[in-house]
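Peer 1: sequence first, then the predicted structure, then my questions.
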Amino acid sequence: MADHVFGNPRFYDRRAAAYDAMVSSPLYNRIAWGTHPDDYAAFAARAMGSARGPLLEVAAGTASATAVLHVASGRETTLVDLSRPMLARAERAIARAAGGTVPARIRFECRDLLVPIDGAHYETILGLGLLHLVDDVPGLVDGLAAQLEPGGALYLASLVTGSRLSTAYLNLLHRRGEVAAVRSAVQLRAAVARSRMRDVTVTGRGSMAYVIARSQP
């Protein structure tokens, strides 16, 4: 699968602290993307509240939007990222949210998100800010769908075209090799629809699109 910084953990290793501050900033998100960090948390909360079985968060980064939610969910949870510094920040954030110790039901795995350990399967897979990092959206969706239990669901977010400023910024990031080819929400939905998933909905605010795709029971 062709990809960009998604497959380059060193890109985020050097930027873990700056990334954490940026994605948590209401001002940055409002100016750059016309959205708010609370929107990401709300989407993640919807994913976590959708079922009770095992949950996987892929490209988890620093878990800035999800740390408190993971502690509160009660679900068996695995967070995956290719960057060890990012994952270490996620672990510290969850430990703080839990009062000092990470709950035993929450695990952290530094690995390729398409290569589950021991063929693990999940009822829900969450990926915030993920799809704009890859060229092959159908391939990624199918790779994640293969890890779902029957009737499970994917909750995936992606930057898409929006305001003139947001679109110009996204195109700049693409030219710098930090994101894949820029897509509109309509193009994103069409790309996801080319996967094996058929029950697909796309909503959004500003330049962030939210995809929910369910597998067959």
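Peer 2: That came in fine, so what should we check first?
Peer 1: all contacts plus neighbour counts: C-alpha atoms, from now on.
Peer 2: Noted.
Peer 1: contacts only, for Ser184.
Peer 2: Val160, Thr161, Gly162 (C-alpha atoms under 8 Å, 6 or more residues apart in numbering).
Peer 1: okay, now the last one: neighbour count?
Peer 2: Right, the one you point to is Gly162. 21 (other C-alpha atoms under 10 Å).
Peer 1: same check, this time on Thr101
Peer 2: So Thr101, with other C-alpha under 10 Å, has 12 neighbours.
Peer 1: list the residues that contact it.
Peer 2: Counted by C-alpha under 8 Å, 6+ apart, Thr101 has contacts Ile94, Ala95.
Peer 1: also the one 4 residues further on?
Peer 2: With contacts defined as C-alpha under 8 Å, 6+ apart, Arg105 is in contact with Gly74, Arg75, Glu76, Thr77.
Peer 1: what's the closest of those to Val23?
Peer 2: Of all the contacts of Arg105, Thr77 has the smallest distance to Val23: 22.0 Å, by C-alpha to C-alpha.
Peer 1: ok, the closest one to Ser83 distance?
Peer 2: Distance, Thr77 to Ser83, by C-alpha to C-alpha, to the nearest Å: 18 Å.
Peer 1: and for Leu27?
Peer 2: 26 Å.
Peer 1: which of those two has more neighbours?
Peer 2: The residue with more neighbours, out of Leu27 and Ser83, is Ser83; 26 against 15, by other C-alpha under 10 Å.
Peer 1: quick check: that one touching Cys110?
Peer 2: Yes: here Ser83 reaches Cys110: they are 6.7 Å apart, a contact under C-alpha atoms under 8 Å.
Peer 1: elements contacting the helix or strand containing Ala41?
Peer 2: In the assignment (DSSP states H and E), Ala41 maps to helix 37-48. Identification of packing neighbours for helix 37-48 by 3 or more C-alpha pairs under 8 Å, 6 or more residues apart in numbering; DSSP states H and E yields helix 67-73, strand 122-127.
Peer 1: winner for burial among those?
Peer 2: strand 122-127 (a mean of 24; mean count of other C-alpha atoms under 10 Å).
Peer 1: what's that one packed up against?
Peer 2: helix 37-48, strand 55-57, strand 148-159.
Peer 1: sheet-wise, list the partners of it with their directions.
Peer 2: Here strand 122-127 is paired, per DSSP bridges, with strand 55-57 (parallel), strand 148-159 (parallel).
Peer 1: any idea which of those strands gets closest to Ala42?
Peer 2: So among the strands paired with strand 122-127, strand 148-159 is nearest, using C-alpha to C-alpha, at 11.7 Å.
Peer 1: next secondary structure after the closest one?
Peer 2: helix 164-175.
Peer 1: how about residues contacting the very next helix or strand once past that next one?
Peer 2: Using DSSP H and E, the helix or strand that follows helix 164-175 in sequence is helix 185-193. Residues outside helix 185-193 that contact it (C-alpha under 8 Å, 6+ apart): Val137, Pro138, Val141, Val160, Thr161, Val200, Thr201, Val202, Ala209, Val211.
Peer 1: most neighbours of all those, which one?
Peer 2: Val160 (27 neighbours).
Peer 1: the strands paired with strand 122-127: which one's closest to Val23?
Peer 2: strand 148-159 (12.6 Å).
Peer 1: now do the buried residues in the closest one.
Peer 2: Leu148, Glu149, Gly152, Ala153, Leu154, Tyr155, Leu156, Ala157, Ser158, Leu159 (16 or more other C-alpha atoms under 10 Å).
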